[in-house]
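In: no letters, just coordinates:
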Ligand code: ASP
């Protein structure tokens, strides 16, 4: 089993064995991260630049920590303060940074496809940290690692992805990944927040939350992505919580040992009840954050190996 990619732009282009390689390596980094000495040298001598054109808490912090723990020189650029504000295009900014010889470029951008475009213009490895509503590959990988550690496997599980599917890159990357790993995927949400044609993605669609959660092994909640909404998609947040917010009554329809996930940021009382989010017997939300660092270490390590091999050839 080998990891054959030059970049990590999405889950769509990964083969199941490549996903397994990332998760296996991430498992060993998760062990390192729990130990007293959190250092390895996989990225020693390399430069990692993080360019975030959209706000981020977890993703940016964990990419930074991941790079530092692996010995890279890490720089995070605040794109609000950059030349983008002066009218420079994304590509010109990328070419400018490329001239400084980075090895890993981590990019988040509000436009779907922007990170793929950028990867074609630079000579280093590019990691997509979320592009518009398109993909968020490291989120799906950390979700998969969290599920695999909790359930012991990724195949033959019933995973309910609930809420604002339409605007969610997390949903898209998870649908790719769980589909490749032969899990059964259910999309649960109001008709206004599930794209027409979603039923053709190899998933089941439910507009009734209780039915959608019936017998599920994993309940993955999503935030209402208001920043990507153009107009009103729900009658009110109160009504939305009543019908689609995860509370104890709705969760009781899932398997007794079902786990609850959320990529964050979480809006308590909108898509999830705060008590469930904090219930250590059901919620794996903090583990997701923990696995985020391990998965990003693994992804950057594997890309750096390929980069070094290409340069040496
Ligand atoms: N943090 C995730 C993302 O960047 C989910 C969210 O923002 O709701 O897509």
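Out: Right, received. Where do you want to start? Please read all numbers here as calculations on a predicted model, not as lab measurements.
In: alpha carbons only for contacts and neighbour counts from here, please
Out: Noted.
In: and the closest residue to the ligand within the stretch 101-250 of the chain, helix, strand or coil?
Out: Of all residues in the stretch 101-250 of the chain, residue 223 sits closest to the ligand, with a separation of 4.7 Å (Cα to the nearest ligand atom). Of the three states, residue 223 takes coil according to DSSP: H, G, I helix; E, B strand; the rest coil.
In: quick check: pLDDT value at the spatially closest residue to residue 269 that is not a sequence neighbour.
Out: With sequence-adjacent residues excluded and distances taken as Cα to Cα, 6 or more residues apart in numbering, residue 269 is closest to residue 241, at 6.7 Å. Confidence per residue is given as pLDDT, and for residue 241 that number is 96.
In: list the buried residues for the strand or helix carrying residue 241?
Out: Using DSSP states H and E, the secondary-structure element containing residue 241 is helix 237-244. Neighbour-count burial for helix 237-244, counted by 16 or more other Cα atoms under 10 Å, picks out 240, 241, 243, 244.
In: who touches the residue lying closest to the third one once chain neighbours are set aside in this structure?
Out: In space, and not counting its chain neighbours, residue 243 is closest to residue 209: 7.1 Å by Cα to Cα, 6+ apart. Contact analysis of residue 209 by Cα atoms under 8 Å, 6 or more residues apart in numbering lists 188, 189, 243, 244, 250.
In: what helix or strand is the last one located in?
Out: The reference is to residue 250. Residue 250 belongs to helix 248-251 when elements are defined using DSSP H and E.
In: mind giving me the packing neighbours of that helix?
Out: In this structure, helix 248-251 makes packing contacts with helix 209-213, judged by 3 or more Cα pairs under 8 Å, 6 or more residues apart in numbering; DSSP states H and E.
In: so how far is the helix it packs on off the chain centroid?
Out: The gap between where helix 209-213 is centred and where its chain is centred comes out at 24 Å by Cα atoms, centre = their mean, to the nearest Å.
In: what residues does the protein have near the ligand?
Out: Taking Cα under 6 Å from any ligand atom, the part of the chain that reaches the ligand is made up of 130, 169, 170, 223, 263, 264, 265.
In: backbone dihedrals for the last one, please?
Out: Right, the one you point to is residue 265. Comment: the main-chain dihedrals of residue 265 come out as phi -70, psi 150, following degrees, to the nearest 10.
In: hmm, residue 223 and it touching each other?
Out: Yes: Residue 265 is within contact range of residue 223, at 7.2 Å (criterion: Cα atoms under 8 Å).
In: quick one: which of these two has more around it?
Out: More neighbours surround residue 223 than the other of residue 265 and residue 223, with 21 against 11 (other Cα atoms under 10 Å).
In: pretty sure that one contacts residue 164?
Out: Yes: here residue 223 lies in contact with residue 164, judged by Cα under 8 Å, at a distance of 6.6 Å.
In: so who does the residue nearest to residue 269 touch?
Out: Listed by Cα under 8 Å, 6+ apart, the contact set of residue 241 reads 269, 270, 271, 272.
In: most neighbours among these, please name it.
Out: That'd be residue 271 among the contacts of residue 241, by other Cα under 10 Å, with 26 neighbours.
In: where exactly do the helices run in the protein?
Out: Across the chain, reading from the start of the chain, the helices by DSSP state H fall at 16-34, 58-69, 90-98, 114-119, 137-151, 169-180, 209-213, 237-244, 248-251, 274-278, 285-312.
In: burial measure for residue 179, as a count.
Out: Burial of residue 179, expressed as a neighbour count using other Cα under 10 Å, amounts to 18.
In: my bad, should have said residue 214
Out: Other residues close to residue 214 by other Cα under 10 Å number 16.
In: just residue 248 next, same as before
Out: The tally of other residues near residue 248 (other Cα under 10 Å) stands at 12.
In: repeat that for residue 313.
Out: A count of nearby residues for residue 313, using other Cα under 10 Å, gives 5.
In: please apply the same query to residue 309.
Out: For residue 309, the neighbour count with other Cα under 10 Å is 10.
In: next one: residue 106
Out: A count of nearby residues for residue 106, using other Cα under 10 Å, gives 22.
In: tell me the pLDDT of it.
Out: Reading off the model, residue 106 has pLDDT 97.
In: try residue 120
Out: At residue 120, the pLDDT value in this model is 94.
In: likewise for residue 45?
Out: 98.
In: would you confirm that it contacts residue 71?
Out: Yes: under the criterion of Cα under 8 Å, residue 45 is in contact with residue 71, at a separation of 7.4 Å.
In: these two: which has the busier surroundings?
Out: A count of neighbours by other Cα under 10 Å puts residue 71 above the other of residue 45 and residue 71, at 18 against 11.
In: I am finished for the moment; much appreciated.
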